[in-house]
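Undergrad: With the sequence up front, the predicted model follows.
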Amino acid sequence: FFSEREAAKPDKSHRAHTQRVGRRLHDDDGTMTSDTMTTAEGTEQPVKYCTNLRAPLESDVNAEPRAFVHSREWKKIMNGDPVEINPSVGHGMKIMTVDEWSVRWKRNEDFPSCLACGSMNTKEHHFIQTWCRGNRKWESETLCLDCHNFSWRSYCDPEFTTPAEHEKERWNKMLEGNKALGVEN
């Protein structure tokens with residue numbers, strides 16, 4: 001005889017062909033079923049933000065962060081003023097070195113080198129990407145721990161538009177079509 005608890009357990013013998021792992025779907029053989037795109041030749045490749053670029057990459061070197069995030073803290077670090085301690089580590093304010101302040105940041109393996117000195121001792125403090133209708137726009141900024149310069153890299157597909165811009169274009173085309181037909185709006 002089964003208890004109510006055992007009867008309520010899901011039957012694991014009839015798993016679906018595709019299982020959910022984290023936030024991505026995988027086939028039984030471990031290959032990804034999403035996060036891929038089919039090329040014109042019909043082959044599937046993993047989608048990566050920095051491959052198959054169709055426009056030039058914008059790059060810039062700055063003594064201060066170009067991205068707003070961490071810009072106030074950077075000024076305090078350079079002046080020797082206390083900055084807020086990361087809440088996951090503790091609380092309060094502390095005077096920190098650049099290495100101590102950036103210890104929790106990760107390195108960008110796609111763009112590991114500093115644009116100013118060529119050092120590979122960099123950490124990324126800012127990354128944002130937007131994908132919309134297959135087009136992408138992204139920006140990345142890394143801090144060089146050797147020369148303390150910020151390397152900025154950004155990219156935007158030529159056809160990239162935000163959803164609001166795309167809808168505005170569609171609306172304007174519809175209005176032009178109506179105007180050509182003599183329909184009043």
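TA: Cool, the structure landed.

Undergrad: and residue 136, what does it touch?
TA: Neighbouring residues of residue 136 by CB atoms under 8 Å, 6 or more residues apart in numbering: 49, 129-130, 155-157, 160. C-betas here are computed from N, CA, C, even on glycine.

Undergrad: Farthest-apart pair in those residues, please.
TA: 49 and 160 (12.4 Å; CB to CB).

Undergrad: Between the two, tell me which one has more neighbours.
TA: Set side by side, residue 49 and residue 160 show more neighbours around residue 160, with 19 against 15, by other CB atoms under 10 Å.

Undergrad: now the strands for the protein?
TA: 19-21, 24-26, 36-38, 44-46, 58-62, 83-84, 93-94, 122-132, 135-144, 150-156 (DSSP state E).

Undergrad: one step back: can you tell me which of the contacts of residue 136 are buried?
TA: 155-157, 160 (16 or more other CB atoms under 10 Å).

Undergrad: which residues in this protein form helices?
TA: With DSSP state H as the criterion, the chain has helices at 4-8, 71-79, 98-101, 163-181.

Undergrad: right, so of those, which gets closest to residue 140?
TA: Nearest of these (CB to CB): helix 71-79, 15.8 Å.

Undergrad: count of residues packed around residue 65?
TA: If you count neighbours by other CB under 10 Å, residue 65 ends up with 19.

Undergrad: okay, it: pLDDT?
TA: Turning to residue 65, the model gives it a pLDDT of 95.

Undergrad: Which secondary structure element of the protein has the lowest mean pLDDT?
TA: strand 19-21 (a mean of 35; mean pLDDT, DSSP states H and E).

Undergrad: hmm, back to that, closest one to residue 108 among the strands of the chain?
TA: Of all the strands of the chain, strand 122-132 comes closest under CB to CB, at 4.2 Å.

Undergrad: wait, doesn't residue 161 sit right on residue 169?
TA: Yes: at 6.9 Å, residue 161 counts as touching residue 169 under the criterion of CB atoms under 8 Å.

Undergrad: The two: who's more crowded?
TA: Per other CB under 10 Å, whichever of residue 161 and residue 169 has more neighbours is residue 161, with 15 against 11.
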